[in-house]
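Q: need a structure here:
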Amino acid sequence: MKAALVKQLDGIFRVEDVEIAQPIGKEVLVQVRASGLCHSDLHLAQTDFGIPLPAVYGHELSGVVEAIGPEVTEFQVGDHVVASLIQFCGHCFPCHDGRTYQCDHPHETVRDEAAAPRLRYQDSPLGQAFGTGGFAEKALVHQNQLVAIPKEMPFAQAALLACGTVTGAGAVLNTAKVRPGESVAVIGIGGVGLNVISGAVLASAGRIIAIDKQPAKEALARKFGATDFINPDDGDPVAVLKDLIPRGVDHAFEVIGLKSTAEIAIKMLRTGGTAYMIGAHKPGSAIDLNVQDDLVGLQKSVRGVYMGSSNFKHDIPMYANLYLQGRLNLDDLLSREIDISEINDAYRELESGMIARSVITSFR
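A: Numbering: from 1, shown residues only. Predicted coordinates for the structure are as follows:
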């Protein structure tokens, strides 16, 4: 089968022929129908996060169950599914508490080192990032990383639920628990940032302020429900925001992953407000924080967010149904559908900031 491999940390995905095993235990073989290009995969292909190479990346995938292992209990051949990079065991305390994204034993979703590898390339084992490996014609995934979706759900839109939606909307609904009427600032209006806006709309936020350097993003942000738009190139974004909301916002979501934007998010808060760090920062990165003034004096909070604090077995079907009801905008997140051979060009488009998401739907 064809798969896009990362062989070295140069940000290049190389399409090669690889071999995939048959499912054992609780594994499910999925015929991939759509795989979204999340910026995180490009970041991982450029920066050393400790993932052994070569490897197949891709964690926003949807498809059809082709075969199941003998211990699979949740799925049948023909089911439509979405995979998540959240790896959970199902029996530790965080899992029992509904916090699968904080699982103590995520390694239980991958094969034991003594077993044959799931993927092989040129007769050697091939890594599978996050246990998904969605940039491929097929994916072999533990049943704990899959969830069934309605068959009327389009595959391309369904793939976007796997990361962008659960991360962005989840940060609003699960982590921040935004209440009706509260104010929200979103720094970075890419795929995840647009989902933050969608989550704020679902939460009935009173003011939703989108912040991005791309002027073209304003129309898209407002289409998703932003009430205001700030371009940092037009002036100090904190001062502009304080003109709109003098006391500052209740919640600020930083989706880019930069020191400067993380610190801006904190400065935008009202007394007692919270900044949420969603963007992937480089390993070892740090921010400057005035503990006495910000944390003690103004009682601000800073919170890291992983995958929108999502229990995806519950949340992805919920978002799918909201989409089918016309209450969650996924169509405008889908910039274009591509063949796997176009993956590098599509990532260059994504880096330009001019599009939200491209999705692989063809493997010619």
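Q: Can you name the residues that contact the closest residue to residue 214 other than its chain neighbours?
A: Here the nearest residue to residue 214 in space, its sequence neighbours aside, is residue 353; by CB to CB, 6 or more residues apart in numbering that works out to 4.8 Å. No exception for glycine: its C-beta is placed from N, CA and C like everyone else's. Shown in contact with residue 353 (CB atoms under 8 Å, 6 or more residues apart in numbering): 190, 212-214, 217.
Q: what's the distance between residue 353 and residue 337?
A: In this structure, residue 353 and residue 337 are separated by 20 Å, where distance is defined by CB to CB, to the nearest Å.
Q: before we move on, the earlier item: roughly how far apart are the residue nearest to residue 214 and residue 11?
A: Taken as CB to CB, the spacing of residue 353 relative to residue 11 amounts to 16 Å.
Q: Give the next helix or strand downstream of the helix or strand residue 208 falls within.
A: Secondary structure from DSSP states H and E places residue 208 in strand 207-211. Downstream of strand 207-211, the next assigned helix or strand under DSSP H and E is helix 217-224.
Q: Which neighbouring elements make contact with that following helix?
A: For helix 217-224, the elements it packs on are helix 191-202, strand 207-211, strand 228-230, judged by 3 or more CB pairs under 8 Å, 6 or more residues apart in numbering; DSSP states H and E.
Q: list the contacts for the residue lying closest to residue 254 once chain neighbours are set aside?
A: Excluding the flanking residues, the one nearest residue 254 by CB to CB, 6+ apart is residue 265, at 4.2 Å. For residue 265, the residues meeting the contact criterion (CB under 8 Å, 6+ apart) are 185, 187, 252-254, 275-277.
Q: Show me which of these is closest to residue 305.
A: Using CB to CB, residue 276 is the member of those that lies nearest residue 305, at 5.0 Å.
Q: Next, residue 116: secondary structure please.
A: Classification of residue 116 by DSSP: H, G, I helix; E, B strand; the rest coil places it in coil.
Q: please begin residue numbering at 26 from this point
A: Shifting the count to begin at 26 puts that one at residue 141.
Q: Would you mind listing the buried residues in the strand or helix carrying residue 265?
A: Per DSSP H and E: residue 265 is located in helix 262-269. Of all the residues in helix 262-269, those buried under the rule 16 or more other CB atoms under 10 Å are 262-263, 265-267.
Q: can you list the residues that contact stretch 257-277?
A: Taking CB under 8 Å, 6+ apart as the criterion, the residues outside stretch 257-277 that touch it are 197, 201, 203, 207-210, 212, 232, 234, 236, 238, 253, 255, 289-296, 298-301.
Q: sorry, back to before: taking the contacts of residue 378 together, which two end up most distant?
A: The most widely separated members of these are 215 and 238, with 11.6 Å between them, by CB to CB.
Q: Now for the nearest residue to residue 94 once chain neighbours are set aside: which residues touch it?
A: In space, residue 94 comes closest to residue 48 once its chain neighbours are excluded; the distance is 3.9 Å by CB to CB, 6+ apart. Contact criterion CB under 8 Å, 6+ apart gives 54, 92-94, 97, 165 as the residues in contact with residue 48.
Q: run the last query once more with 7 Å
A: For residue 48, the contact set (CB atoms under 7 Å, 6 or more residues apart in numbering) comprises 54, 92-94, 165.
Q: Kindly report the same for residue 30.
A: Applying CB under 7 Å, 6+ apart to residue 30 gives the contacts 38-39, 41, 79, 81, 146.
Q: Please, a PyMOL command that selects the buried ones among those?
A: Selecting the buried subset of the contacts of residue 30 in PyMOL, with 16+ other CB under 10 Å as the burial test, is done by:
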select buried, resi 38+41+79+81+146
